[in-house]
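In: what's the 3D shape of this:
(2 chains)
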Amino acid sequence: NAGVTQTPKFQVLKTGQSMTLQCAQDMNHNSMYWYRQDPGMGLRLIYYSASEGTTDKGEVPNGYNVSRLNKREFSLRLESAAPSQTSVYFCASARLLDNQPQHFGDGTRLSIL
Amino acid sequence: GQQLNQSPQSMFIQEGEDVSMNCTSSSIFNTWLWYKQDPGEGPVLLIALYKAGELTSNGRLTAQFGITRKDSFLNISASIPSDVGIYFCAGQGGSEKLVFGKGTKLTVNP
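Out: A predicted model of the protein is given here:
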């Protein structure tokens, strides 16, 4: 089935470890996004990529880096994980950047001890 | 930046009852979206609204784009147990990125 695929689904890290979260979409969408979801906070945008070759900061980019590897794939990297980055991370994609519904993956549940 | 206020935060209803929830923004939006999130899954788009005053239905769900362009409403008629989940509104205006409400958690008692 077409959609957004995230790996891994679960991960536990120790403080200071690094990790890359993977995301791929097969809908030929141009725009891709990374969000984090914390209890009571809703979804907050970390980084987004309007099109292949471009990336921009969202609301909460500190402590993260991203790579738009090609049109299908958009990865999120934590260089030195901190307990405050314990969260559920969602990747999403949209056909275009503006006024387009976003389609979400099922999330990566990340715990940092 | 743009902010959304979604209410209520949670609802406990009996099966068969109708449900209403809403979102208000501090600024004008060009797009309103409504998503549902089931436990352990990502949000799934329910309804998209692109025009002030627009009223759109998807089965038992009906959403409206407020005429002031600062609010949107979602109604669920004749609720059933599988309606349980968290409902999110999201809005976008101008060149701003999509912003999400904090969600309404719906519990349906059989």
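In: How far does stretch A:102-113 sit from its chain's centre?
Out: 8 Å (CA atoms, centre = their mean, to the nearest Å).
In: buried ones in that stretch?
Out: Residues A:Gln102, A:His103, A:Phe104, A:Gly105, A:Asp106, A:Gly107, A:Thr108, A:Arg109, A:Leu110, A:Ile112 are the ones in stretch A:102-113 that count as buried (16 or more other CB atoms under 10 Å in any protein chain shown). Placement of C-beta: from N, CA and C, glycine included.
In: so which of those are also by chain B?
Out: A:Gln102, A:His103, A:Phe104, A:Gly105, A:Asp106, A:Gly107 (CB under 8 Å from any CB of the partner chain).
In: Start from the N-terminal end of the chain and give the strands.
Out: Because you didn't say which chain, this covers chain A. Secondary structure of chain A (DSSP state E): strands at A:4-7, A:10-13, A:19-25, A:31-38, A:42-49, A:56-57, A:65-68, A:74-78, A:87-94, A:103-104, A:108-112.
In: nope, chain B please
Out: Using DSSP E, strands in chain B cover B:4-7, B:10-14, B:19-25, B:31-37, B:44-49, B:55-58, B:61-65, B:71-76, B:85-92, B:99-100, B:104-109.
In: For A:Lys9, which of those is the nearest?
Out: strand B:31-37 (15.6 Å; CB to CB).
In: ok, the nearest residue to A:Lys9 once chain neighbours are set aside - contacts?
Out: With sequence-adjacent residues excluded and distances taken as CB to CB, 6 or more residues apart in numbering or on different chains, A:Lys9 is closest to A:Thr108, at 6.3 Å. Applying CB atoms under 8 Å, 6 or more residues apart in numbering or on different chains, we find A:Thr108 in contact with A:Gln6, A:Thr7, A:Pro8, A:Lys9, A:Phe10, A:Gln11, A:Leu21, A:Val88, A:Tyr89, A:Phe90.
In: Now the buried members of those residues.
Out: Counted by 16+ other CB under 10 Å, the contacts of A:Thr108 give A:Gln6, A:Gln11, A:Leu21, A:Val88, A:Tyr89, A:Phe90 as buried.
In: How about the contacts made by the residue nearest to A:Met41 when sequence neighbours are not counted?
Out: The shortest distance from A:Met41 to any non-neighbouring residue, by CB to CB, 6+ apart, is to B:Lys102 (6.7 Å). If you count contacts by CB under 8 Å, 6+ apart, B:Lys102 has them with A:Gly40, A:Met41, A:Gly42, B:Leu4, B:Gln6, B:Gln9.
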